[in-house]
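Starting from these lines, generate the structure:
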Amino acid sequence: MFHDHFYSSEHIDRAVVQRRDETWVNEQLRAENTLFVPVWREKVFVDRAEAEGDTQYRLSGRLDAPAPPDRRLKAVFLRSDETIPLLDGHRRAVLLGCSGKRTYFALDLSDIEGATKHRALAGRGDFVGLRGIGPMLDRFDGGLLAYARGMLRWHQQHTYCGVCGSHTAMLEAGFIRRCTATECDQQHFPRTDPAIIVLVTHENRALLGRQAKWDATWYSV
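Now for the predicted structure:
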């Protein structure tokens, strides 16, 4: 039986036109209906109690299908008023887009040692690797967290211009990075890598592989 990809259903309007308007973006950063996706060193933030309660489910290796509703993990988002001490000038949020009446931003907290002890996060959850919990997330949350993690990773890897080596600056609320050297002025965009995944089968069996560093229950086609 085939299932939809766990991370492919964010159903979010990426606000291509609005993100060019700095006034609108700044208003959304402070709006009551805005939520922030905290990411720390490529790990996502989920409810502490639910994460601890589902340890055995995660270790069971049942990652072939979405978890039933009673075994779902809950992503923890931050409200705009909670992010005020986190947006301290050098740390910037990346606009992910809008869904319904909500606006979503990704916020990279990787520079904070022990981020879960920060007053905005303390006691609310834990940062965990997304790959191991994807099937246990709500489809919207899973897609949104994967999107946020991917965008922030791209920003981390493009601090410097790939053409001349100068610093780059973020534009359009995070969808462009531009070289700050006037003689270069190169624009850089997030990667889009088209790919296919092929399942090799023989009769009623499938060929699986794994890397030695993976958990014992992890396999790949």
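
How about I12: what's its closest non-neighbour residue?
Distances taken as C-beta to C-beta, 6 or more residues apart in numbering put G97 closest to I12, at 4.2 Å, once the chain neighbours are dropped. All C-beta atoms are positioned from the backbone trio N, CA, C, and that covers glycine.

now that neighbour: how far from H11?
10 Å (C-beta to C-beta, to the nearest Å).

More neighbours: the two, which one.
Counted by other C-beta atoms under 10 Å, G97 and H11 do not tie: G97 has more neighbours, with 21 against 12.

Local confidence estimate at that one?
Here the pLDDT value assigned to G97 is 96.

which other helices and strands contact the helix or strand in which it is found?
Assigned by DSSP states H and E, G97 falls within strand 93-99. Here strand 93-99 touches helix 22-30, strand 102-108, helix 139-157, going by 3 or more C-beta pairs under 8 Å, 6 or more residues apart in numbering; DSSP states H and E.

Mean neighbour count and distance to A75 for these - can I get that in a markdown table?
Below are those laid out as a markdown table (neighbours: other C-beta atoms under 10 Å; distance: least, C-beta to C-beta, whole Å):
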| stretch | mean neighbour count | distance to A75 |
| --- | --- | --- |
| helix 22-30 | 14 | 19 |
| strand 102-108 | 22 | 11 |
| helix 139-157 | 20 | 4 |
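
could you redo the ones you listed as TSV and give each row distance to K213?
Listed next are those as TSV, based on distance: least, C-beta to C-beta, whole Å:
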stretch	distance to K213
helix 22-30	39
strand 102-108	25
helix 139-157	19
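
Dump these to a markdown table, plus mean pLDDT and distance to L171.
Formatted as a markdown table, the helices and strands packed on strand 93-99 follow (pLDDT from 0 to 100; distance: least, C-beta to C-beta, whole Å):
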| stretch | mean pLDDT | distance to L171 |
| --- | --- | --- |
| helix 22-30 | 95 | 10 |
| strand 102-108 | 96 | 15 |
| helix 139-157 | 93 | 12 |
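
do you know which of these lies nearest W40?
With C-beta to C-beta as the criterion, W40 lies closest to strand 102-108 of these, at 7.9 Å.

what's the following helix or strand after that closest one?
Next helix or strand after strand 102-108 toward the C-terminus (DSSP H and E): strand 125-129.

Check what contacts that next one and list those residues.
38-48, 51, 76, 115-116 (C-beta atoms under 8 Å, 6 or more residues apart in numbering).

which residues of the chain score low on pLDDT?
1-6, 9-10, 48-71, 89 (pLDDT under 70).

need the contact list for K43.
Each residue near K43 by C-beta under 8 Å, 6+ apart is listed here: 127-130.

excluding its backbone neighbours, what's nearest it?
Excluding the flanking residues, the one nearest K43 by C-beta to C-beta, 6+ apart is F127, at 3.8 Å.

List the beta-bridge partners for that neighbour.
Beta-bridge partners recorded for F127 (DSSP bridges): F45.

Can you give me the end-to-end span of stretch 121-129?
Criterion C-alpha to C-alpha, to the nearest Å; first-to-last residue distance in stretch 121-129 is 17 Å.
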